[in-house]
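Undergrad: Provided below are the primary sequence and the corresponding predicted coordinates.
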There are 2 protein chains.
Amino acid sequence: MNLQDATALLDRTPSTFDALLRGLPESWTSRHEGAGTWAPTEIVAHLIHAERTDWMTRARMILEAGETATFAPFVRDGQVQEMQGKSLEGLLDEFAHVRAASLAALQQLNLHPEDLQRRGRHPALGSVTLSQLLATWVVHDLTHVHQVSRVMANQYREEVGPWSGYLGVLQCAGHSS
Amino acid sequence: MNLQDATALLDRTPSTFDALLRGLPESWTSRHEGAGTWAPTEIVAHLIHAERTDWMTRARMILEAGETATFAPFVRDGQVQEMQGKSLEGLLDEFAHVRAASLAALQQLNLHPEDLQRRGRHPALGSVTLSQLLATWVVHDLTHVHQVSRVMANQYREEVGPWSGYLGVLQCAGHSS
């Protein structure tokens, strides 16, 4: 985990979702894969919720309290409140805003390589390092890029006819929930 | 399959790859998942190759020859030639250019709903409709968004430590090849 490479990717995620989703017909952005699954709009709201409550909050706890404090559990339906009364366009703007603020705060921490090995306590996983938290932030972004492509592809599952077997995303078992 | 919805998505794919990949360190863009798999740069080259040889070429064949002609098989390593001597940035520009040209050509066909049911012949799958071809074009884009997120996430497989089980993209079996 190299902090510069990690932040290069984190920096691009809001624009990636923006390019993929802004202005798309609602038939793409508001349909999910079935009861209890997320449409693209909910995925963006979930990313905002994680930005507000998870990454930098936990990074600061590691630096300030180490393993003497335990992270608050992540609220898995936090996107429901986050979405209330907001358009997808508003959510995309908000994600860009909160992500930029997180990355500015991360830079202000002026982390040294040895800081990345400092440890905190996860409520379920136990002892974790700051390096693992930051790598997870990156892979969490990619998990949701992966998920949103699958959710949208699912709408054309029948429409592709006999090509279905050639299209990897249609074979995805939905491990991104 | 609604032509307007399909083209809305096809129109955004070059910007999505651009937002995700342009300017990223090469450690993200040139690493793959092992021998015989594709790095992000190769995935963009593959999308260009498909754009040149597959979608609109086949659509025109359906309209002009119907089932009396068989599509040329798609060359699965066509990205190798497509990449020769080009930077990722050049490939991203080229993908945007060839995709815009394809969509302009598609619009010029001025397709009517009944045209979408016209049939052509695929060398392996047999009889297919224009509608299925266009839906496949869309899902093929999404398959490669899905793949590129997985290829990049794979680099932090160890780095996320105990969070690995929570991150859907790391459970993906690589069905996008």
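TA: Here it is on my side, so go on.
Undergrad: Which residue ranges of chain A form strands?
TA: In chain order, chain A shows strands spanning A:119-122, A:126-129, with DSSP state E as the criterion.
Undergrad: Figure out which of the ones you listed is closest to chain B.
TA: When the strands of chain A are ranked by distance to chain B, counting by Cβ to the nearest Cβ, first place goes to strand A:126-129 at 6.1 Å. Where you see a C-beta, it was placed from the backbone N, CA and C, and this is true even at glycine.
Undergrad: what does the closest one contact?
TA: The list of residues contacting strand A:126-129 from outside it, by Cβ atoms under 8 Å, 6 or more residues apart in numbering or on different chains, reads A:I62, A:E67, A:L116, A:Q117, A:R118, A:R119, A:G120, A:R121, A:H122, B:G161, B:P162, B:W163.
Undergrad: which ones are touching A:I48?
TA: With contact taken as Cβ under 8 Å, 6+ apart, A:I48 is in contact with A:Q79, A:E82, A:L91, A:E94, A:F95, A:V98.
Undergrad: Identify the farthest-apart pair in these.
TA: The widest separation within the contacts of A:I48, taken as Cβ to Cβ, falls between A:Q79 and A:V98 and amounts to 13.3 Å.
Undergrad: Just name the most buried of the strands of chain A.
TA: For these, the stretch with the most neighbours on average is strand A:119-122, a mean of 19; neighbours defined as mean count of other Cβ atoms under 10 Å in any protein chain shown.
Undergrad: what's it in contact with?
TA: Residues from elsewhere that reach strand A:119-122, judged by Cβ under 8 Å, 6+ apart: A:58, A:61-62, A:65-71, A:127-130, A:133, B:162.
Undergrad: next one: stretch A:29-42
TA: Counting by Cβ under 8 Å, 6+ apart, A:21, A:28, A:46, A:79, A:83, A:88, A:91, A:147-148, A:150-152, A:154-155, A:174, A:177 sit against stretch A:29-42.
Undergrad: same thing but 6 Å
TA: A:L21, A:Q79, A:L88, A:V148, A:V151, A:N154 (Cβ atoms under 6 Å, 6 or more residues apart in numbering or on different chains).
Undergrad: Per-residue pLDDT of the fifth one, please?
TA: It refers to A:V151. pLDDT recorded at A:V151 is 97.
Undergrad: and the residue nearest to it when sequence neighbours are not counted, how many residues sit next to it?
TA: Leaving aside its sequence neighbours, A:V151 sits nearest to A:E33 (Cβ to Cβ, 6 or more residues apart in numbering or on different chains; 5.7 Å). A:E33 is flanked by 18 other residues according to other Cβ atoms under 10 Å in any protein chain shown.
Undergrad: got the angle between the lengthiest helix in chain A and helix B:130-153?
TA: Selection of the longest helix in chain A by residue count, based on DSSP state H, yields helix A:130-153. For helix A:130-153 against helix B:130-153, the angle by axes from the mean of the first three to the mean of the last three Cα atoms, to 10 degrees is 180 degrees.
Undergrad: residues from chain A in reach of chain B?
TA: Applying Cβ under 6 Å from any Cβ of the partner chain, we find that chain A lies next to chain B at A:1, A:5, A:8, A:12, A:15-16, A:19-20, A:24-25, A:27, A:125, A:132, A:135-136, A:138-139, A:142-143, A:145-146, A:149, A:152-153, A:156, A:159-163, A:167-169, A:171, A:175-176.
Undergrad: Just the buried ones from these?
TA: Among these, those buried by neighbour count (16 or more other Cβ atoms under 10 Å in any protein chain shown) are A:1, A:5, A:8, A:12, A:15-16, A:19-20, A:24, A:125, A:132, A:135-136, A:138-139, A:142-143, A:145-146, A:149, A:152-153, A:156, A:159-161, A:163, A:167-169, A:171, A:175-176.
Undergrad: Test my guess that A:E82 contacts A:L47.
TA: No. The pair formed by A:E82 and A:L47 falls short of the contact definition of Cβ atoms under 6 Å, at 9.1 Å.
Undergrad: By neighbour count, which of the contacts of stretch A:29-42 wins?
TA: Per-residue neighbour counts (other Cβ under 10 Å) across the contacts of stretch A:29-42 peak at A:V148, which has 28 neighbours.
Undergrad: ok, now how distant is that one from A:T136?
TA: Counting by Cβ to Cβ, to the nearest Å, the gap between A:V148 and A:T136 amounts to 19 Å.
Undergrad: Kindly report the same for A:R52.
TA: 16 Å.
Undergrad: go on, A:L91?
TA: Between A:L91 and A:T136 the distance is 22 Å, computed by Cβ to Cβ.
Undergrad: and if you look at A:T57?
TA: Per Cβ to Cβ, A:T57 is found 14 Å from A:T136.
Undergrad: and if you look at A:D93?
TA: To A:T136, A:D93 is 25 Å away according to Cβ to Cβ.
Undergrad: next one: A:R12
TA: Using Cβ to Cβ, A:R12 is found at 17 Å from A:T136.
Undergrad: now swap in A:H46 and tell me
TA: Between A:H46 and A:T136 the distance is 15 Å, computed by Cβ to Cβ.
Undergrad: And for A:K86?
TA: Distance of A:K86 to A:T136, given as Cβ to Cβ: 26 Å.
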